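Colleague: Return a 3D structure for these sequence lines:
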Amino acid sequence: MKYIYIFFILIFLSSPTFGQKSIPNKQQFVVVKSTFDFLKQVDRYKANSFTKFLFSKAGYEVYLDNEELPSQLYYNKCSALYVDVKDKSNLFATKNYIELVDCNGKLVYTSKLGVSKYKDYERSYRQSIRNAFSTIENLNVIFSSFY
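Modeller: Next up is the predicted model:
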């Protein structure tokens, strides 16, 4: 019985040290589409620049796909995740979700559905994108599995 207690104590004490995963210190780039498919114009309702703002506020180096990219990202497109916002709106609510895609077009992560009931398009897109972004604010887990 004494050995069982010692065994469980050792497992309990060793799990925090082995359970920690180190996050690499690589540059974490995010590239946001300059024109979302459902809006059909560059930065309409400021949805693209607002998405860029949210990612930069979370601490990532963010670029729109029509901006000049740094040389590290320009020569290695696979060092970034690509962001697209998808629309599932209906007559009464604006509904959006965020997709993160790697350089090969493989879907890495999809956020939850962000909903807004504002009638002003700019305010409703901002609120729905902010609600969708709330599920992916801690991207370290995604980036550590991505790299």
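
Colleague: use CA for all of it now, contacts and neighbours both
Modeller: Fine.

Colleague: Backbone dihedrals for Ser49, both of them.
Modeller: Dihedral pair for Ser49: phi -70, psi -30, per degrees, to the nearest 10.

Colleague: Helices of the chain, start to end?
Modeller: Assigned by DSSP state H, the chain shows helices spanning 2-19, 47-57, 71-75, 121-133, 140-146.

Colleague: Please name every helix or strand in contact with the fourth one.
Modeller: Applying 3 or more Cα pairs under 8 Å, 6 or more residues apart in numbering; DSSP states H and E, one finds that helix 121-133 contacts helix 47-57, strand 94-101, strand 114-116.

Colleague: can you redo the ones you listed as a markdown table with mean neighbour count and mean pLDDT?
Modeller: Output for those, formatted as a markdown table (neighbours: other Cα atoms under 10 Å; pLDDT from 0 to 100):
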| stretch | mean neighbour count | mean pLDDT |
| --- | --- | --- |
| helix 47-57 | 19 | 94 |
| strand 94-101 | 22 | 95 |
| strand 114-116 | 23 | 96 |
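
Colleague: In a markdown table: these, plus distance to Ser134.
Modeller: Below are these laid out as a markdown table (distance: least, Cα to Cα, whole Å):
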| stretch | distance to Ser134 |
| --- | --- |
| helix 47-57 | 10 |
| strand 94-101 | 10 |
| strand 114-116 | 9 |
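
Colleague: can you tell which of those is closest to Leu107?
Modeller: strand 94-101 (4.5 Å; Cα to Cα).

Colleague: and the closest one, which strands flank it?
Modeller: strand 80-87 (antiparallel), strand 107-110 (antiparallel), strand 114-116 (antiparallel) (DSSP bridges).

Colleague: Dump these to a markdown table, plus distance to Pro70.
Modeller: Below are the strands paired with strand 94-101 laid out as a markdown table (distance: least, Cα to Cα, whole Å):
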| stretch | distance to Pro70 |
| --- | --- |
| strand 80-87 | 12 |
| strand 107-110 | 23 |
| strand 114-116 | 31 |
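
Colleague: Leu39 is nearest to which of those?
Modeller: strand 80-87 (9.2 Å).

Colleague: Can you get me a residue count around the residue nearest to Gln41 when sequence neighbours are not counted?
Modeller: Spatial nearest neighbour of Gln41, chain neighbours left out: Thr35 (5.8 Å); criterion: Cα to Cα, 6 or more residues apart in numbering. Counted with other Cα atoms under 10 Å, the neighbours of Thr35 add up to 19.
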